[in-house]
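**Q** Structure for the following, please:
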Amino acid sequence: MSVEGEIALALVFRPGLIRRAGMAGVAVGIDYQGALALAPPQCDREALAFLLMRAEDGLLAGFRRAENDHGGK
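**A** Now for the predicted structure:
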């Protein structure tokens, strides 16, 4: 795994970087500005942003799947 891949993985699971919306707090994405602000200065920001976008796709799909499996509860 690349350095940026390791950073992206760590950031995706960091509390507070998942954006939520509505009264139910539905996950709507990753806080890219917050994630990039926490990234080390020497990392490739373009590569990191790309990896965060790919991770966001999987995260949102997983949240939707979990919601469907649990009947929205």
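
**Q** secondary structure element for residue 29?
**A** According to DSSP states H and E, residue 29 maps onto strand 26-30.

**Q** what lines up beside that strand in the sheet?
**A** strand 18-21 (antiparallel) (DSSP bridges).

**Q** Name the residues that touch the partner strand?
**A** With C-beta atoms under 8 Å, 6 or more residues apart in numbering as the test, strand 18-21 has contacts from 26-31, 59. For every residue, glycine as well, the C-beta is placed using N, CA and C.

**Q** for the longest helix belonging to the chain, the distance to its chain's centre please.
**A** For the chain, the longest helix by residue count, based on DSSP state H, is helix 45-69. Here helix 45-69 is found 6 Å from its chain centre; the criterion is C-alpha atoms, centre = their mean, to the nearest Å.

**Q** One more: stretch 39-54?
**A** So, by C-alpha atoms, centre = their mean, the centroid of stretch 39-54 is 12 Å from its chain's centroid.

**Q** any weak-confidence spans in the chain?
**A** Within the chain, the segments meeting pLDDT under 70 span 71-73.

**Q** Kindly recompute the last result at 80.
**A** 70-73 (pLDDT under 80).

**Q** and the longest helix of the chain with strand 26-30, angle?
**A** 170 degrees (axes from the mean of the first three to the mean of the last three C-alpha atoms, to 10 degrees).

**Q** Can you list the buried residues in helix 45-69?
**A** Under the neighbour-count criterion of 16 or more other C-beta atoms under 10 Å, helix 45-69 has 48, 51-52, 55-56, 59-60 buried.
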